[in-house]
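Trainee: Here is a sequence with its predicted model. Questions after.
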Amino acid sequence: MVSISFSFFSSCFPINSFLLFTSLLSAALIDAATITVTNNCSFTVWAAATPGGGQQLKQSQTWTLNPPENTTRGRIWARTGCNFNESGYGSCQTGDCNGLLECQTYGSPPNTLAEYALNQNNNLDFFDISLIYGFNVPMQFSSNSKLCTTDIQCIGDINEQCPGSLQAPGGCNNPCTVYNTNEYCCNSSSCEPTRYSRFFKDKCPDAYSYPKDDQTSTFTCPGGTNYKVVFCPTGSVLTNTITRNTTTTVSICQSNSTIIIPQAKITIVAPAFKSCNKQFYVSLSKQ
């Protein structure tokens, strides 16, 4: 409980100073946001955040972030296909941040982004999902408190239907990354949707599809709202890129377990094992 007395204000105290004081007081009483990051994918991801660093997340694991209040240009994303040594150095197929487990810079494309700015104009938080740097995993970004009920997501299977020129190992590039022209990067004030941005917008209507896509892609909640970011949320579809001579390992426990590998168009129905320690190996090779 906070008890405040204003008896020290007198008629000689400038009114504009009083307004400034109350404005600062109001801002100080707003709690900093907590952001919970959850991996709902069937595979391990290496979550990354600026500010925040990075952490490996196996399926169903969570990571809690407490970014500073008034954070601007905050980002959260999933890295895939990573390999780090004990010192935290390595590389990732998507979303790599200069080979560090604890990210200090933004990730390299393609990567689906959760972006946010806290306690900005009128004490509002601004947040979005962005495909401006491409797509690697489906994502949900939503409020996690009674202050706000906004829920945005990108759950389309973009990797499966990615245009040929934008295809990348583990994901789908944005055309700016591939072509680096004003048409796609919007380096000037003149910029219109393109056939590629329409592809991304069709798959993920809530997400930024190109840099000038503000009107349908920026969302707000009151300052102090808590949030959650979920990789591969319920209802999402993700087809992983299968490279040559890929070996997939799947644990089989239940009777008549079905293993579906969409891009290879292979469905395997296997009998149950008495122990969940058994594993079934599928070797794939593109022709």
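Mentor: In hand now; what should we look at?
Trainee: low pLDDT regions in this structure?
Mentor: Along the chain, the parts satisfying pLDDT under 70 run over 1-31, 239-287.
Trainee: and the residue lying closest to residue 232 once chain neighbours are set aside, how far is that from residue 138?
Mentor: In this structure, residue 232 finds its nearest non-sequential neighbour in residue 41, 3.8 Å apart by CB to CB, 6 or more residues apart in numbering. Every C-beta, even on glycine, is put in place using the N, C-alpha and C of the backbone. Going from residue 41 to residue 138 by CB to CB, to the nearest Å gives 8 Å.
Trainee: What of residue 186?
Mentor: With CB to CB as the criterion, residue 186 and residue 138 are 25 Å apart.
Trainee: How many residues are close by the residue nearest to residue 40 when sequence neighbours are not counted?
Mentor: Counting by CB to CB, 6+ apart, residue 40 lies nearest to residue 232, which is 4.6 Å off, once chain neighbours are set aside. By other CB atoms under 10 Å, 22 other residues sit near residue 232.
Trainee: can you pull the buried residues of stretch 73-85?
Mentor: Buried residues in stretch 73-85, counted by 16 or more other CB atoms under 10 Å: 74, 75, 76, 77, 78, 79, 80, 81, 82, 84.
Trainee: Now flag whichever of these is closest to residue 49.
Mentor: Checking those against residue 49 with CB to CB, the nearest one is residue 76 at 4.6 Å.
Trainee: Just the CA trace of the helix or strand hosting that closest one, in PDB.
Mentor: Applying DSSP states H and E as the criterion places residue 76 in strand 74-79. The C-alpha trace of strand 74-79 is given here as PDB (Å, rounded to 0.1, in the frame of the first residue of the first chain):
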ATOM      1  CA  GLY A  74      12.700  -5.500 -27.700                       C
ATOM      2  CA  ARG A  75      12.800  -8.700 -29.700                       C
ATOM      3  CA  ILE A  76      12.100 -12.400 -29.000                       C
ATOM      4  CA  TRP A  77      12.600 -15.200 -31.400                       C
ATOM      5  CA  ALA A  78      13.300 -19.000 -31.800                       C
ATOM      6  CA  ARG A  79      16.600 -20.300 -33.100                       C
END
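Trainee: So which other helices or strands are in contact with the next helix or strand after that strand?
Mentor: Sequence-wise, the next helix or strand downstream of strand 74-79 (DSSP H and E) is strand 83-84. Identification of packing neighbours for strand 83-84 by 3 or more CB pairs under 8 Å, 6 or more residues apart in numbering; DSSP states H and E yields strand 90-91.
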